[in-house]
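Undergrad: this one's structure only:
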Ligand SMILES: Cc1cc2nc3c(=O)[nH]c(=O)nc-3n(C[C@H](O)[C@H](O)[C@H](O)COP(=O)(O)OP(=O)(O)OC[C@H]3O[C@@H](n4cnc5c(N)ncnc54)[C@H](O)[C@@H]3O)c2cc1C
Ligand code: SF4
Ligand code: SF4
Ligand code: FES
């Protein structure tokens, strides 16, 4: 191809790292974003980024263990080769970001400092104050600015991706986008389009995510035929600060640095928390999870906090559920050095100093493990084959997805500090394959007939005009969004029940109906935020349906997806023989459930407007699935039984191999 | 940037007690080059509100205080936690971030909250301004580490905790522009596209105009950040050249307004003093090198 051109949608960590690598490889990049890329949601990430490092390595850590923690934490719901590749790349990525000038915290000797995050026993997390995401994003933003000055990248900030342009063979040849200032439409011819548009927190109304996290771009790709994977897996972060406009995150690093979660043993104890004696405090995470204590994986921490408030009635406040997250036992100076940024957020928005008063926190929607389904090419070594055009390609050829908007790395639950890694990794890694994917084409996208782009552009224009032309007096889109958010938060977050999910699905259809009758209050064609929002609201319904239908159909508990009706309790027998038998039965049930449900959910848009769901087998060839037993009663015995079974399976397999070799 | 509205649950908005209202006065402007005008809005009071949630209610209601339907007010925001730098505006006359401006505090100043767009950047619409010039400043001072490429070459340079603690605050600059709004030397530059002027020609002319103006405290501080980085300093001279050229450090009158308004508490005057010293040394060195 003469001069390949790639359109990158989104300038968070994923989009910027892809842009940087593509520009370096000589590709011309158009980079579009709803907000100036430096203001992308990635700036919000506080805690850090994971990778094996020199220190943990000497404590017995390895890339393989990082890989293992990630798939175990994700309850095995991810294809293993890409995850392995990501863990292998971890050290290189941290080194690269270090070279780009990220001011990682330092040890006295001048090495990068690390902290411990949830779901692992090693200090794997590199961090830059309490603004790691901001620092990583800025380093990439700076490199992309450098390429921009050199003419290799063109940025289109305050632009909205509306639709991919597909040719007669269903191949993506570009996109239609809209300038959010002049409201003008423009078609972009591109040999590949990479979506790096981040999460979809706004489907839940309020979340820890930023206002640009509408999910509109991935919804539009889905509506044009791209399959969506594992939509029902939504991570609820255990610790957020409830607010009217946003649920602000209190990073896991608060617990990583020694923060303790507790409630008063007396329900709604009115005393000043600092005066409540130790004996009258219930450190329920430490009590129930003696090994991981306050650093159990997110889904478990979330459920425990939810439970203690909602079911056990021990919420700190009566009308607003919350628990204490306490840092007051740590010296102020140390807190300021390690957690300054996040403590400042609490102080700024709550008007209380968390160094002297325990914080009040409650879970909030935080991350979408699901996203656009993407492919990969397995390498001989069990990783992902670099340079393959299949890597990160959606079901639409030529359309790729990376970062939080793909479904690839985190399975049923994401470990803290693993997302920043997957975003930068997928951005860097996909570039060579994206280029290779364009090489076979007989002509560049720019040589496609103009009518291909013109007709796609006209469709979007018509849709826009129709929105502006809706009769006044209809429903208010903001009110519809509020209803959608409240509904999704109520039925599709911490605890899920089939009756509620089924009813909610119908309600979402009704809300969508209401949306078609909603009216915009601004009909102008200049910086019309009202119509942009209304448009993106319309694109939230397909995502809400994917999430609800996936959750409804999945009759099991896995990672963030928790259905009490299908949860398997721990062991209760005390007699060793009975207990053993119970453990055997537990393992039988686990094996049967794995057989039935260890599959990715794949949603495709049905002609009737409802998602069509199928299931896809998962490549678990590197690490066989095992029960995720954090804190379960009888975990030791179950683990023992499971190990014995695995060993006999392995023995059987090797005997079979020997027999086969002998014949 | 997109602005959904959420009122907190009805249960929390004081049942029975008299509904308090917040009065807001907003300086609006429909598009560049048009007259600006004041408009009054009233929104119900809720505990713990910030200016963003007030604007969300206004957008959702789309009615002025007198009940007249009006186009929703436009404004910029994204993170809502004072880290993305989007939502800068003049609130009761002070340049600051709307997301961290708590209504309860503002009402201590007076009964009405006043919102105006930043005055040093061209208004796009209402409270939205065009801060392209701010980002241009970062290009001018080459605010980046000039690495060879993004391949693996091992770790970056060793850095002492003291150096990290020095660099880190500078690196939290979120390009909000508060320091520029407050600076007497940073004067608004608003070139207008001429009839028949090609977009590229206009962009070039605009950039030229930006480049003749003062580069600003944020960019000076970034130049110092990268001039102190072991790899970044390899092009220190190029940055100093920019800082000693027209629009550079000599325009700073040392009024120190910038440091007082920076929401991130960045030690801008220290950066400016450092830049001044390095620029002088560099100029002398250059004199002798000739
Ligand atoms: C508060 C918070 C703290 C976190 N902390 C951590 C942490 O410590 N460690 C960790 O590993 N992870 C953390 N995460 C998760 C992590 O920050 C995100 O998953 C990650 O930053 C996502 O990056 P991204 O590049 O995929 O997308 P984003 O950074 O969300 O960027 C999306 C981009 O797409 C653009 N875009 C979206 N839609 C459109 C459209 N229609 N048209 C054009 N452009 C569009 C946006 O403008 C933006 O530029 C945190 C998340 C939150 C919410
Ligand atoms: S010190 Fe310089 S940059 Fe800061 S406000 Fe004064 S003139 Fe502007
Ligand atoms: S220096 Fe401070 S005020 Fe200026 S742009 Fe940066 S963060 Fe904003
Ligand atoms: S919205 Fe990001 S700084 Fe205010």
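TA: Cool, the structure landed. A quick note: this is a predicted structure, and the numbers were derived from the prediction, not measured. Ligands and ions are numbered 1, 2, ... in the order given.
Undergrad: hang on, residue A:495 in a strand?
TA: No. Secondary structure of residue A:495 (DSSP: H, G, I helix; E, B strand; the rest coil): coil, not part of a strand.
Undergrad: who's in contact with the closest residue to it other than its chain neighbours?
TA: Sequence neighbours aside, residue A:562 is the residue nearest to residue A:495 in space, at 5.9 Å (criterion: C-beta to C-beta, 6 or more residues apart in numbering or on different chains). Just so you know, the C-beta spots here come from the backbone N, C-alpha and C atoms, and that holds for glycine as well. Residues near residue A:562 by C-beta atoms under 8 Å, 6 or more residues apart in numbering or on different chains: A:299, A:303, A:494-496.
Undergrad: also residue A:243?
TA: Residue A:243 touches A:206, A:349, B:48, counting by C-beta under 8 Å, 6+ apart.
Undergrad: now, which of those sits nearest ligand 2?
TA: Distance ranking of the contacts of residue A:243 against ligand 2, using C-beta to the nearest ligand atom, places residue A:349 first at 27.8 Å.
Undergrad: can you read off the pLDDT for that closest one?
TA: On the pLDDT scale, residue A:349 is placed at 89.
Undergrad: then the one 10 residues further on?
TA: On the pLDDT scale, residue A:359 is placed at 96.
Undergrad: about what we covered before: ok, the residue nearest to residue A:495 to residue A:295 distance?
TA: Going from residue A:562 to residue A:295 by C-beta to C-beta, to the nearest Å gives 19 Å.
Undergrad: same question, residue A:15
TA: Going from residue A:15 to residue A:295 by C-beta to C-beta gives 31 Å.
Undergrad: of those two, who's got more company?
TA: Neighbour count, other C-beta atoms under 10 Å in any protein chain shown: between residue A:15 and residue A:295, residue A:15 has more, with 31 against 21.
Undergrad: list the contacts of the nearest residue to residue A:88 once chain neighbours are set aside.
TA: Nearest residue to residue A:88 in three dimensions, chain neighbours excluded: residue A:63, at 4.9 Å (C-beta to C-beta, 6+ apart). By C-beta under 8 Å, 6+ apart, residue A:63 lies in contact with A:52, A:84, A:87-88, A:90-91.
Undergrad: same question, residue A:101
TA: Contacts for residue A:101 (C-beta under 8 Å, 6+ apart) come out as A:139, A:142, B:144-145, B:156, B:171, B:226, B:229, B:231-232.
Undergrad: ok, now how distant is the residue of the stretch 301-450 of chain A found nearest ligand 1 from residue A:77?
TA: Proximity of the stretch 301-450 of chain A to ligand 1 (C-beta to the nearest ligand atom) peaks at residue A:403, 2.6 Å away. The gap separating residue A:403 from residue A:77 is 19 Å, by C-beta to C-beta.
Undergrad: around residue B:19, count how many other residues there are.
TA: 8.
Undergrad: ok, now residue B:40?
TA: With other C-beta under 10 Å as criterion, residue B:40 counts 12.
Undergrad: which residues touch the one helix or strand it maps to?
TA: According to DSSP states H and E, residue B:40 maps onto strand B:36-44. With contact meaning C-beta under 8 Å, 6+ apart, strand B:36-44 is reached by B:7, B:13, B:19-29, B:54, B:57-58, B:61, B:63-66, B:70, B:73, B:123.
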